[in-house]
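In: no sequence on this one, just coordinates:
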């Protein structure tokens, strides 16, 4: 969590820059300069000095996702639209734990390593998409590769139990990285494909 007003403002502007990524560079910089100047003017006032006051000022200014959607609409950048590839990514993420464990049950444990293949394959699909931003792809990849780390650790510990209880625990463990990636990508999809009809005001 930010601990100083400067840190809070930098974090806000980083989020805004990411939301403005679809805009041409000159338009993106224009919006950033406008918002940055507004923040600087407001922070020069005596009632916007403390962390709580700066946070309240940024809240009134608007969520970066809202400002980004407003800027895309204002400059004629159409909202991003999901396609079959994005739907496939979400389906594979949701079914990821089963796609990993079904081969492990069908074949003697350790003979195949779907926990290496499936997350990497899903991450590759994410990177093939032109819908999500680079930061979204990096975050989702980190989440997906979390299940690889789980099984690397199990390999190091010599885990070879194929009992039903052990497989159930593994399934639950796999829902964490796959579920996190699914929720994150779905949320970002909702934000990136939405144009806010009411413009966020600066004041």
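Out: Structure's in. What do you need? No experiment lies behind these values; they were computed from the predicted model shown.

In: residue 175 contacts residue 97, doesn't it?
Out: Yes. Here residue 175 lies in contact with residue 97, judged by C-beta atoms under 8 Å, at a distance of 5.3 Å. C-beta coordinates here come from the backbone N, C-alpha and C atoms, glycine included.

In: neighbour count: the two, which is higher?
Out: Shown here are residue 175 and residue 97; by other C-beta atoms under 10 Å, residue 97 has more neighbours (22 against 16).

In: surely the more buried one touches residue 177?
Out: No. With contact defined as C-beta under 8 Å, residue 97 and residue 177 do not form a contacting pair (9.0 Å).

In: which residue ranges of this structure form helices?
Out: 5-19, 25-43, 51-61, 64-74, 84-106, 114-128, 134-144, 146-157, 164-192 (DSSP state H).

In: export the ones you listed as CSV, with columns for mean pLDDT.
Out: Putting the helices of the chain into CSV (pLDDT from 0 to 100) gives the following:
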stretch, mean pLDDT
helix 5-19, 90
helix 25-43, 93
helix 51-61, 92
helix 64-74, 85
helix 84-106, 83
helix 114-128, 86
helix 134-144, 90
helix 146-157, 70
helix 164-192, 82
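
In: who are the neighbours in contact with residue 116?
Out: Going by C-beta atoms under 8 Å, 6 or more residues apart in numbering, residue 116 touches 148, 151.

In: my bad, should have said residue 22
Out: So residue 22 contacts 72, 77, 80 (C-beta under 8 Å, 6+ apart).

In: try 7 Å
Out: Counting by C-beta atoms under 7 Å, 6 or more residues apart in numbering, residue 22 makes contact with 72, 77.

In: ok, it to residue 14 distance?
Out: 16 Å (C-beta to C-beta, to the nearest Å).

In: same question for residue 95.
Out: When C-beta to C-beta is the yardstick, residue 95 and residue 14 sit 33 Å from each other.

In: and these two? Which one has more around it.
Out: Under the neighbour definition other C-beta under 10 Å, residue 95 and residue 14 were set side by side, and residue 95 has more, 15 against 12.

In: tell me which residues in stretch 80-100 are buried?
Out: By neighbour count on 16 or more other C-beta atoms under 10 Å, the buried set for stretch 80-100 is 80, 82, 86, 89-90, 92-94, 96-97, 99-100.

In: now do the contacts for residue 136.
Out: By C-beta under 7 Å, 6+ apart, residue 136 lies in contact with 185, 188.

In: and if you look at residue 118?
Out: Contacts of residue 118 (C-beta under 7 Å, 6+ apart): 96, 99-100.

In: quick one: which of those is nearest residue 134?
Out: When the contacts of residue 118 are compared for distance to residue 134 (C-beta to C-beta), residue 96 wins out at 22.0 Å.

In: not counting its neighbours along the chain, what's nearest that closest one?
Out: Counting by C-beta to C-beta, 6 or more residues apart in numbering, residue 178 is the residue found nearest to residue 96 once chain neighbours are left out, at 3.6 Å.

In: surely that neighbour touches residue 91?
Out: No. Assessed by C-beta atoms under 7 Å, residue 178 is found out of contact with residue 91, at 11.4 Å.
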